[in-house]
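A.B. asks: structure, please.
(2 chains)
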Amino acid sequence: MAKDKKMVTEITSMDEDFAQWYTDICKKAELVEYTSVKGCMVIRPYGYAVWENIQKILDGMFKATGHENVCMPMFIPESLLQKEKDHVEGFAPEVAWVTHGGNEKLEERLCVRPTSETLFCEHYANIVHSYRDLPKLYNQWVSVVRWEKTTRPFLRSREFLWQEGHTIHATAEEAIEETERMLNVYAQFCEESLAMPVVKGKKTESDKFAGAVSTYAIEALMHDGKALQAGTSHYFGDGFAKAFGIEYTDKSNKRVNPHQTSWGVTTRLIGAVIMTHGDNNGLVLPPAVAPVQAVIIPIAQHKDGVLDKANELKKRLSDINIRVKLDDSENSPGWKFAEYEMKGVPVRVEIGPKDIENGQCVIASRWNGEKVTVSLDELETTVQQKLKEAHDGMYNKALENQKNRTYACTTLDEISKTLEEKGDGFIKAMWCGDEACEDGVKEKTGVGSRCIPFEHEQLSDKCICCGKPAKYMVYWGKAY
RNA sequence: CUGGGUGUGGCGCAGUUGGUAGCGCGCUACCUUGGGGUGGUAGAGGCCGUGGGUUCAAGUCCCGUCACUCAGACCA
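C.D. replies: Numbering: from 1, shown residues only, chains lettered A, B, ... in the order given. This next block holds a predicted model:
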């Protein structure tokens, strides 16, 4: 079987129309359904199961690093939102307001949280009094609302699910360490669970979170060469603490402001998975978060013993904690093959009368289309091995794509030429640190700064835009 | 927000100079079906996104509005 052969006709080819391909997968793989409110989508069981798996793994990582879950209200009074100047300026244009309770107009309108810094700050002001109260390492899994103009399933919706971590520390050092720790947790999660390589780095001044001292991000490169911010971690210094009057008494009996962080990832990660691993036959899910890791397709299922054997295989895989599904519906085997390919199930097990006779089954891998016939004795080991191979193979393929689409440039013309000849991707180029040059690059080439990566490379000594001494090496790109 | 495109059974589409809706898939029943979306017979299902207008008559023409979508701007 040819590797690139398209066998699922429901999905538009990505080379034909990438945007349509993406939308097709979202709908045909039954991840989402639209509603009558723009930018608000139903996350269907199959899509939500992916999110649940993401949640489960990440939550475990948060707990392992000492965090506790809490839940803040969804309404923020206007006066509270106003307290930190940069923060409110950053979010005001996209908040939704509640103005009435029943028929009565509210004395003060309430904003539907776009993020919960203000709520956490109000709370911390109440409960932090002594250095003994610190740190507080909180996280919450909730939804937030941002009234976006352009919306797309998972990538940018008006309401979306996320987790937001909010921590408060006695010292700046501790808070900075936390900011970095969580960025690393995200990067590790993306690599180990989503098989998605990311670039870790710092955001430029103009791109940082409203109210933050510094913002860090993980950036991933999608199949079409566009960049996607997959997660962020912010260091706040004591700015929010000052604005919200959070103070504690330190060991030397002085009243001081604590230091804070926040960090988050959203359901956008699902969009990232779609656009990192998906192909022309549909979704390709990383085994760690796939709702179904192995699907069993019985062949000639009406014949004696086939379904019994299929059920037996199901039990055996289930017993070793593989998320397994047996499709014994009336659809033809071919229909089922296409269906589960579209849905990105990592491994397919085919079992028919011939196989039973020979004591074997056929195992197919979604990510590379490979099919093998194995003895039934080796079912468990082979499926486990194929899942492992899928993860590694998907990661390496994505990493290779990222590398192949990352270009080092030393002049603006070179950037434009590269984009034109090779298509979108990450551009590595030097920058002086001046915002005017950052804007200049965007204006002249169309790519914006994505991040200043932790792994510095001295590509040249001069800023690509103004020619003055360069301070940073920056990843640039078109973004979602 | 600006500009373009699209809204007709569950899905994908057709519908001429305005005359009261048609096809494929899917669905239901029965039969058939061995390895890439089986084949057959019969049947059910839509008032055309939504609000107004023109007209004897509107899916079709006009205006508004909502949603989807593409490009951009904006934003994280």
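A.B. asks: give me the neighbour count for residue A:125.
C.D. replies: 14 (other CB atoms under 10 Å). Where you see a C-beta, it was placed from the backbone N, CA and C, and this is true even at glycine.
A.B. asks: doesn't residue A:137 make contact with residue A:66?
C.D. replies: Yes: taking contacts as CB atoms under 8 Å, residue A:66 lies within contact range of residue A:137: 5.2 Å.
A.B. asks: for chain A, what's the longest helix?
C.D. replies: If you go by DSSP state H, chain A has its longest helix at helix A:379-404.
A.B. asks: please determine whether it lies in contact with RNA strand B.
C.D. replies: No: residues of helix A:379-404 are not located near RNA strand B by CB under 7 Å from any atom of the strand, the shortest gap being 13.2 Å.
A.B. asks: okay, residue A:66 and residue A:137: which has more neighbours?
C.D. replies: Neighbour count, other CB under 10 Å: between residue A:66 and residue A:137, residue A:137 has more, with 18 against 11.
A.B. asks: circling back: tell me the first helix or strand C-terminal of the longest helix of chain A.
C.D. replies: Of the helices and strands lying after helix A:379-404 in sequence (DSSP states H and E), the nearest is strand A:406-408.
A.B. asks: so does the helix or strand where residue A:269 lies get close to RNA strand B?
C.D. replies: Assignment of secondary structure by DSSP H and E places residue A:269 within helix A:268-277. No: if you take CB under 7 Å from any atom of the strand as the test, helix A:268-277 misses RNA strand B, and the best it gets is 9.2 Å.
A.B. asks: partner strands of the helix or strand following that helix, parallel or antiparallel?
C.D. replies: As assigned by DSSP H and E, the chain's next helix or strand after helix A:268-277 is strand A:294-298. Here strand A:294-298 is paired, per DSSP bridges, with strand A:324-326 (parallel), strand A:347-351 (parallel).
A.B. asks: quick one on the thing from earlier: so the longest helix of chain A versus strand A:347-351, what angle?
C.D. replies: 140 degrees (axes from the mean of the first three to the mean of the last three CA atoms, to 10 degrees).
A.B. asks: out of the strands paired with strand A:294-298, which one sits most buried?
C.D. replies: The highest mean neighbour count among those, using mean count of other CB atoms under 10 Å, belongs to strand A:347-351: a mean of 24.
A.B. asks: and of the strands paired with strand A:294-298, who's closest to RNA strand B?
C.D. replies: strand A:347-351 (3.2 Å; CB to the nearest atom of the strand).
A.B. asks: what's the angle between the helix holding residue A:269 and helix A:379-404?
C.D. replies: 80 degrees.
A.B. asks: ok, back up a step: just put the strands paired with strand A:294-298 in a markdown table and tack on distance to residue A:131.
C.D. replies: Formatted as a markdown table, the strands paired with strand A:294-298 follow (distance: least, CB to CB, whole Å):
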| stretch | distance to residue A:131 |
| --- | --- |
| strand A:324-326 | 51 |
| strand A:347-351 | 52 |
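A.B. asks: and the longest helix of chain A, which residues are buried?
C.D. replies: A:379, A:382-384, A:386-387, A:389-391, A:393-395, A:397-398, A:401-402 (16 or more other CB atoms under 10 Å).
A.B. asks: helices and strands around that helix, which ones?
C.D. replies: Judged by 3 or more CB pairs under 8 Å, 6 or more residues apart in numbering; DSSP states H and E, helix A:379-404 is in contact with strand A:214-221, helix A:268-277, helix A:306-319, strand A:347-351, strand A:360-365.
A.B. asks: mind putting those in a markdown table, mean pLDDT included?
C.D. replies: Shown next, in a markdown table, are the helices and strands packed on helix A:379-404 (pLDDT from 0 to 100):
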| stretch | mean pLDDT |
| --- | --- |
| strand A:214-221 | 96 |
| helix A:268-277 | 96 |
| helix A:306-319 | 97 |
| strand A:347-351 | 98 |
| strand A:360-365 | 98 |
